[in-house]
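K.L.:
Here's my sequence, what's the structure:
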Amino acid sequence: MVQAIQVTYSMQDGETHKRELNGLLEAMDEYQLDSGPIITDHEETVIVIPGKTVTILPAWKWLLENKYK
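P.N.:
Sure thing, here's the model as predicted:
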């Protein structure tokens, strides 16, 4: 199973937000994925772009969700 995962402390800075989102979308295109996470320290939201879903979530939540996979 192939996954694209981006990690950053925070997405609050506009340049960081753009860089991390574009990096993940590029990897998702390369591996033909329709979803992927950006793991942060505390932020949480979902960004829907036509044909793609990016989930921004805190590291602790990502770790708990992936503990038994």
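
K.L.:
and the next element down the chain from the helix ranked longest in the chain?
P.N.:
Counting by DSSP state H, the longest helix found in the chain is helix 14-30. As assigned by DSSP states H and E, the chain's next helix or strand after helix 14-30 is strand 35-40.

K.L.:
Direction included, what does that next one pair up with?
P.N.:
Counting by DSSP bridges, the strands paired with strand 35-40 are strand 6-7 (parallel), strand 52-58 (parallel).

K.L.:
got the buried residues for the longest one?
P.N.:
Read that as strand 52-58. 54-57 (16 or more other C-beta atoms under 10 Å). Heads up, the C-betas are built off the backbone N, CA and C, glycines and all.

K.L.:
Does L24 touch A4 like I think?
P.N.:
Yes - using C-beta atoms under 8 Å, L24 is in contact with A4, at 5.8 Å.

K.L.:
Show me whatever sits in contact with both of the two.
P.N.:
Counting by C-beta atoms under 8 Å, 6 or more residues apart in numbering, the contacts common to L24 and A4 are G36.

K.L.:
Thanks a lot, catch you later.
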